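Novice: What follows is a predicted protein model with its sequence.
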Amino acid sequence: MTEIIELEHNDQKGTFYFKLDDKTEAKTTFVFAGANKIIIDHTEVNPNNKGKGFGKKLVQEAVKFSRDKCITILPLCPFAKSVFDKTPEFRDVL
């Protein structure tokens, strides 16, 4: 099985996709709030894959993106907020 996380974005919004063998199994969407912040507004995981950590991997990728771009994250998505609450090492991007 091949796991790939892809990012598509423009200057207003974006989506991280978790793909397993070329099939999208989860996604996290965000919008830009100015030049220095993104708002994670939704995370969705294929029902057959709940509990496998795919959503957390997408939030982790958003944290990496945020660190690379020197921007902050506002996690409005309840799932993303839960990941941030449980993962202190991600809080530097809040």
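Specialist: On my side now, so go ahead. Numbers count the residues shown, from 1 in each chain.
Novice: mind listing what's buried in stretch 57-71?
Specialist: For stretch 57-71, a neighbour-count test (16 or more other CB atoms under 10 Å) marks 57-63, 65-66, 71 as buried. For glycine as for every other residue, the C-beta is placed from the backbone atoms N, C-alpha and C.
Novice: Please apply the same query to stretch 77-92.
Specialist: 77, 79-81, 83-84, 90.
Novice: Where helices are concerned, which of those residues count?
Specialist: 79-81, 83-84 (DSSP state H).
Novice: Can you lay out those residues as CSV showing pLDDT and distance to Thr24?
Specialist: Shown next, in CSV, are these (pLDDT from 0 to 100; distance: CB to CB, whole Å):
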residue, pLDDT, distance to Thr24
Phe79, 97, 17
Ala80, 98, 18
Lys81, 98, 23
Val83, 98, 20
Phe84, 98, 23
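Novice: now, which of those residues sits nearest Glu25?
Specialist: Ranked by distance to Glu25 (CB to CB), these are led by Phe79 at 14.7 Å.
Novice: mind listing the helices for this protein?
Specialist: Counting by DSSP H, the helices of the chain are 54-69, 78-86.
Novice: now the buried residues of stretch 77-92 as JSON lines including distance to Ile5?
Specialist: Listed next are those as JSON lines, based on distance: CB to CB, whole Å:
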{"residue": "Cys77", "distance to Ile5": "17"}
{"residue": "Phe79", "distance to Ile5": "16"}
{"residue": "Ala80", "distance to Ile5": "15"}
{"residue": "Lys81", "distance to Ile5": "20"}
{"residue": "Val83", "distance to Ile5": "15"}
{"residue": "Phe84", "distance to Ile5": "18"}
{"residue": "Phe90", "distance to Ile5": "16"}
